[in-house]
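Q: What shape does this take:
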Amino acid sequence: MTQTAWAHLPNAKHIDWVIASLKVHPEKWPAANNAAYNAAKNAAWHAARIAAWAAAWKAASDAAYDAAWTAAIDAARSAARSAVTDAAYYASRGAILALIAYDDCAYMIESEVGELKIIAAFGDQRAILLLPACIVLYSMKQRN
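A: Okay, here's the model as predicted:
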């Protein structure tokens, strides 16, 4: 198994899952992103992205985090482009960003969608950014 540039991060297995799900089910990401965006509304979504970018850039001052971010985003872009469209890539970026910026957020992906929507509605930036991933995971579980 190849070691990824983000393998040292606490949320590495979840970043791997996001990228893998883009390859297998790219069609799920744009719809999940739209549902999450509607739940979180415009202002909260942008505030969460800005805060996570700031946290990621702070973490990226460490060369290892910078390499992890670049590699994970490149892998997500490659998975999305080879599968469907850029919409899947853009939908997954927030989840990858949150997983890199916030070490304590991975459990949110496996949360109940309704619970995570409530947390997002209260402005939790991690929940806002991870809601699409939670929706995708939930929809995949429903198929099985």
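Q: In what element of secondary structure is the nearest residue to residue 19 once chain neighbours are set aside found?
A: Among residues not flanking residue 19 along the chain, residue 75 sits closest, at 4.9 Å (Cβ to Cβ, 6 or more residues apart in numbering). All C-beta atoms are positioned from the backbone trio N, CA, C, and that covers glycine. Assigned by DSSP states H and E, residue 75 belongs to helix 63-83.
Q: pLDDT (mean, whole number) over that helix?
A: Helix 63-83 carries an average pLDDT of 67.
Q: Isn't residue 95 up against residue 18?
A: Yes. Using Cβ atoms under 8 Å, residue 95 makes contact with residue 18 at a distance of 5.2 Å.
Q: Please enumerate the helices of this structure.
A: Applying DSSP state H to the chain gives helices spanning 12-24, 28-60, 63-83, 86-101, 113-121, 125-143.
Q: For residue 4, give its distance to residue 19.
A: 9 Å (Cβ to Cβ, to the nearest Å).
Q: Look at the two and report which has more neighbours.
A: Counted by other Cβ atoms under 10 Å, residue 4 and residue 19 do not tie: residue 19 has more neighbours, with 22 against 17.
Q: for the helices of the chain, which one ends up most surrounded?
A: Of these, the one with the most neighbours on average (mean count of other Cβ atoms under 10 Å) is helix 86-101, at a mean of 24.
Q: Need the mean per-residue confidence for that helix.
A: 82.
Q: ok, back up a step: overlap of the contact sets of residue 95 and residue 18?
A: Residues touching both residue 95 and residue 18 by Cβ atoms under 8 Å, 6 or more residues apart in numbering: residue 133.
Q: Grab the nearest non-local neighbour of the residue positioned nearest the centre of the chain.
A: The geometric centre of the chain, computed from its C-alpha atoms, lies nearest to residue 95 (Cα atoms, centre = their mean), at 1.1 Å. Using Cβ to Cβ, 6+ apart and skipping residues adjacent in sequence, the residue nearest residue 95 is residue 133, 4.0 Å away.
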